[in-house]
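S.K.: Give me a 3D structure for the following:
(chains A and B)
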Amino acid sequence: MHASLTRHRNCVSRRGAMTQPITNIFATVLERVHAAGHTLIASGVLPAAADRSRVVVEPPRDPSHGDMATNAAMVLAKDAGRKPRELAELLAGELRGDPLVAKVDVAGPGFINLTLKPEAWASALVSAILSGPDYGRSHIGSGQSVNVEYVSANPTGPLHVGHTRGAVFGDALANLLAFTGFAVTREYYINDAGAQVEVLARSAFLRYREALGEDIGPIPEGLYPGDYLKPVGEALAAEFARGLLDMPEPQWLPIVRGKAVAMMMEAIRADLAALNIKHDVFFSERSLLGDGTQSDQVGQTIAELRREGHVYEGRLPPPKGAPVEDWEDREQTLFRATEFGDDIDRPLKKSDGGYTYFASDIAYHKSKFDRGFRDMIDVWGADHGGYVKRMNAAVKAISDGKAALDVKIIQLVRLLRAGEPVKMSKRAGDFITLRDVVDEVGRDPVRFMMLYRKNDASLDFDLAKVIEQSRDNPVFYVQYGHARGHSVFRNAREVVQLPDDWSQRARRLSDAELARLDDAAELALMRKLAQFPRVVEAAALSHEPHRIAFFLYELASDFHAQWTRGNNSPHLRFIIQDDPNITLARLALVAGVVNVLAVGLSLLGVDAPLEMR
RNA sequence: GGCCCCGUAGCUCAGUGGAUUAGAGCAGCAGCCUUCUAAGCUGUUGGUCGCAGGUUCGAGUCCUGCCGGGGUCGCCA
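M.R.: Got it, this is the predicted structure:
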């Protein structure tokens, strides 16, 4: 729906904001608070060196405290050498003259509670309409590069339902960061080295023999039994005929492995595409190991760390508690992770001489660093939680403390159907795939519900509930809010003529008499819309996309409630037959709601339907 | 046993990075409503924020210890 919208420039950097719509009213008021602080600096009340970084403006929990509250006086009291309430009165005096502000109160330990003039909220609403798809966009990322690595599932089979949550989370987080001014790279680390892909190759080789007509019988223990490897066998048979059969394993294995990994990655990309997920970079672990012409980056990284004293040959104490059967005390190559906050030093080489997965992963993160990323986010499954400390330690070591890594651990998804757990046989090869779930309930419920919980809390996903058309189902509830807004526009045609083009319609509505939006619930909706930009920023900076999902649910709830009030009290309806002016004003409010829902849903990667029939 | 995550209303969960009197949905209770698209609405009951200390003018939020649940624990990834 926004394809026809013209880009509306963010006006934050311009002077004279009163004539421009206010894009982020909280940021605007924070500026006013800072300005008041400057005035007090000029008059000698505050020292110029006062630390103002902790000053915040936020909506108070209790609406009776006004529209916004700032902690400025409490934070600055120490530097000023005055009591918080005394300083608050001085700041309040400055703020009382502000054209945006209707009322200033000092309360509690020194809060400054602000009530804004209706025009301020009207201005925020105009911005929410006119900015279109850019409403809430910010430059807080300052173009800084950030690498978001997610999914990174082993290329040994299709993605299963356990991968889905991390995939959606990473994608939505990347959307958010891009929207807030970061230069985002979406990356997938392919674990195409190591024992797992050798097992894959042997499994595929069996399917190759099968494709050539051989009866292979049951798949032996330890190999991948899934049918999804049959096409790999067939492709190998088509390409090489019987040519691989006479080769010794060391010769055919790399060939089969290459083919199998390539085909698995193709399948994984297709699965991700079903969720509208696209990575910018697929990074091969094998490419780090030095295949013929390439250099051994893992070895180089270890050597470099050794020169810096972070790697040594030594022994580890055996694990405490749970006994390890075949524990063998031996000298090995160790990364001094304890120097960077880990609990124990970590092995870099296996007893067979190969690198551990961790060693490759260090080199991989070194590659990210060398490619210019100072900001890295890894999205991992819950079973990798024990790995976080060592990776953080490694990133500190390879970047000399100059890079920041945030590992997001995604907790388990419990798959239910009408409240009953979906049974997944432990038998290998029998699991519910990402594709199964998307095919059954559709992309939007999957994406939305995977984000409707904090990443570090486990999540119940009910296949029956997520396609229900009821208030119990947040996906439907939010999407229907958007559809209902458009429905109001369609029904308004009898009363007011509006252009079909969204951009022209937005301009028309932004000229409405917004002062007529004086119902308490209407004002509350306007304030809610005004919060969206700060919610977006907070979600991006804290790497918590679920905040958007919750916000949209609240907004939809407020909107539906207002619609229902109109049902019961005709004078509160959005469309008033004999009063085009108030209809226009209320349609402006609807447009704000519709736009925020559309922008928010697009950040989550969920469609915003125009109607739901 | 070590480490990580979680513990907030009967249930499922938020809680804006320490702030004014802790919130929502569902369930319960009391009224009302039957549609500008199919979500009913309003009011209300219900909480020692797992427990105990500590830091702070101020803690659900930070620190320590304990209890309970889950995950994980060289040479899998």
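S.K.: can you pull the contacts of residue A:476?
M.R.: Applying CB atoms under 8 Å, 6 or more residues apart in numbering, we find residue A:476 in contact with A:467-470, A:612. All C-beta spots, glycine's among them, are computed from the backbone N, C-alpha and C.
S.K.: what about residue A:247, helix or strand, and which?
M.R.: Here residue A:247 sits in a region with no helix or strand, counting by DSSP states H and E.
S.K.: To what extent is it buried, counted in neighbours?
M.R.: Neighbour count for residue A:247, taken as other CB atoms under 10 Å: 13.
S.K.: can you give me the helices for the stretch 451-600 of chain A?
M.R.: Under the criterion DSSP state H, counting those that start in this stretch, helices of the stretch 451-600 of chain A are mapped to A:474-492, A:502-510, A:520-541, A:546-568, A:580-604.
S.K.: Can you add mean pLDDT and distance to RNA strand B and give the ones you listed back as CSV?
M.R.: Formatted as CSV, these follow (pLDDT from 0 to 100; distance: least, CB to the nearest atom of the strand, whole Å):
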stretch, mean pLDDT, distance to RNA strand B
helix A:474-492, 91, 2
helix A:502-510, 92, 15
helix A:520-541, 91, 5
helix A:546-568, 89, 3
helix A:580-604, 94, 8
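S.K.: related to what we said a few turns ago, which of the contacts of residue A:476 come close to RNA strand B?
M.R.: A:469-470, A:612 (CB under 7 Å from any atom of the strand).
S.K.: Tell me, how many residues neighbour the residue nearest to residue A:253 when sequence neighbours are not counted?
M.R.: Leaving out its chain neighbours, the residue that sits closest to residue A:253 by CB to CB, 6 or more residues apart in numbering is residue A:201, at 5.1 Å. Burial measure for residue A:201: 23 neighbouring residues, criterion other CB under 10 Å.
S.K.: shaky segments in chain A?
M.R.: Low-confidence segments of chain A (pLDDT under 70): A:1-22, A:291-294, A:320-325, A:424-430.
S.K.: Give me the most central residue, it.
M.R.: Nearest to the geometric centre of chain A sits residue A:173, at 1.9 Å (CA atoms, centre = their mean).
S.K.: Could you measure from residue A:27 over to RNA strand B?
M.R.: 12 Å (CB to the nearest atom of the strand, to the nearest Å).
S.K.: one step back: now which of the ones next to RNA strand B among the contacts of residue A:476 would you call buried?
M.R.: Taking 16 or more other CB atoms under 10 Å as the criterion, nothing in these is buried.
S.K.: out of those, which one sits closest to residue A:27?
M.R.: residue A:612 (34.9 Å; CB to CB).
S.K.: Might you report the residue contacts of the closest one?
M.R.: Residue A:612 neighbours (CB under 8 Å, 6+ apart): A:469, A:476, A:479-480, A:483.
S.K.: Just to be sure, it is in a helix?
M.R.: No - counting by DSSP: H, G, I helix; E, B strand; the rest coil, residue A:612 is located in no helix; its state is coil.
S.K.: What residues does the stretch 51-200 of chain A have near RNA strand B?
M.R.: So the stretch 51-200 of chain A meets RNA strand B at A:56, A:58-62, A:64-66, A:69, A:71, A:74-75, A:107-111, A:113, A:154, A:191, A:193-196 (CB under 7 Å from any atom of the strand).
S.K.: now with 6 Å?
M.R.: Where the stretch 51-200 of chain A comes near RNA strand B, counting by CB under 6 Å from any atom of the strand, the residues are A:56, A:58-62, A:64-65, A:69, A:71, A:74-75, A:107-109, A:111, A:113, A:154, A:191, A:194-196.
S.K.: Now restrict the residues you listed to buried residues only.
M.R.: A:59-60, A:65, A:69, A:71, A:74-75, A:111, A:113, A:154, A:191, A:194.
S.K.: In three-state terms, how would the residue nearest to the centre of chain A be classified?
M.R.: Assigned state for residue A:173: helix (three-state reduction, three-state DSSP).
S.K.: That one touches residue A:148, doesn't it?
M.R.: Yes - under the criterion of CB atoms under 8 Å, residue A:173 makes contact with residue A:148 at 6.1 Å.
S.K.: which residues are in contact with both of the two?
M.R.: With CB under 8 Å, 6+ apart, residue A:173 and residue A:148 have common neighbours A:377, A:379.
S.K.: which residue sits closest to residue A:436 in space, ignoring its chain neighbours?
M.R.: Counting by CB to CB, 6+ apart, the residue nearest residue A:436 is residue A:161, at 7.5 Å.
S.K.: cool, and residue A:216?
M.R.: That would be residue A:210: by CB to CB, 6+ apart, it lies 4.7 Å from residue A:216.
S.K.: I'd say residue A:457 and residue A:411 touch.
M.R.: Yes - using CB under 8 Å, residue A:457 is in contact with residue A:411, at 5.8 Å.
S.K.: between these two, which one's more packed in?
M.R.: residue A:411 (17 against 9).
S.K.: Can you read off the backbone torsions of the nearest residue to residue A:434 once chain neighbours are set aside?
M.R.: Nearest non-adjacent residue to residue A:434, counting by CB to CB, 6+ apart: residue A:159, 4.2 Å away. Dihedral pair for residue A:159: phi -70, psi 140, per degrees, to the nearest 10.
S.K.: Residue A:159: what's it in contact with?
M.R.: A:151, A:153, A:167, A:268, A:271-272, A:433-435.
S.K.: Output those in a markdown table; the columns should cover distance to residue A:545.
M.R.: Output for those, formatted as a markdown table (distance: CB to CB, whole Å):
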| residue | distance to residue A:545 |
| --- | --- |
| A:151 | 15 |
| A:153 | 20 |
| A:167 | 12 |
| A:268 | 22 |
| A:271 | 21 |
| A:272 | 17 |
| A:433 | 23 |
| A:434 | 19 |
| A:435 | 23 |
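S.K.: now, which of the residues you listed sits nearest RNA strand B?
M.R.: Closest approach between the contacts of residue A:159 and RNA strand B, by CB to the nearest atom of the strand: residue A:153, at 7.7 Å.
S.K.: any idea which element the closest residue to that closest one other than its chain neighbours lies in?
M.R.: Spatially, and ignoring its direct neighbours in sequence, residue A:153 is nearest to residue A:163 (5.1 Å; CB to CB, 6+ apart). Using DSSP H and E, residue A:163 sits in helix A:161-179.
S.K.: Might you quantify the distance of that helix from its chain's geometric centre?
M.R.: Computed by CA atoms, centre = their mean, to the nearest Å, the chain-centroid distance of helix A:161-179 equals 5 Å.
S.K.: Render the CA-only coordinates of that helix in CSV, please.
M.R.: Extracted in CSV, the C-alpha atoms of helix A:161-179 (Å, rounded to 0.1, in the frame of the first residue of the first chain):
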residue,chain,number,x,y,z
VAL,A,161,10.7,-25.9,13.4
GLY,A,162,13.4,-25.3,16.0
HIS,A,163,15.3,-23.1,13.5
THR,A,164,12.3,-21.0,12.7
ARG,A,165,12.2,-18.8,15.7
GLY,A,166,15.9,-17.8,15.4
ALA,A,167,15.4,-17.2,11.6
VAL,A,168,12.4,-14.8,12.2
PHE,A,169,14.1,-13.1,15.1
GLY,A,170,17.3,-12.4,13.3
ASP,A,171,15.4,-11.1,10.3
ALA,A,172,13.2,-8.8,12.2
LEU,A,173,16.1,-7.5,14.2
ALA,A,174,18.0,-6.8,11.0
ASN,A,175,15.0,-4.9,9.7
LEU,A,176,14.8,-2.9,12.9
LEU,A,177,18.5,-2.0,12.8
ALA,A,178,18.3,-1.0,9.1
PHE,A,179,15.3,1.2,9.9
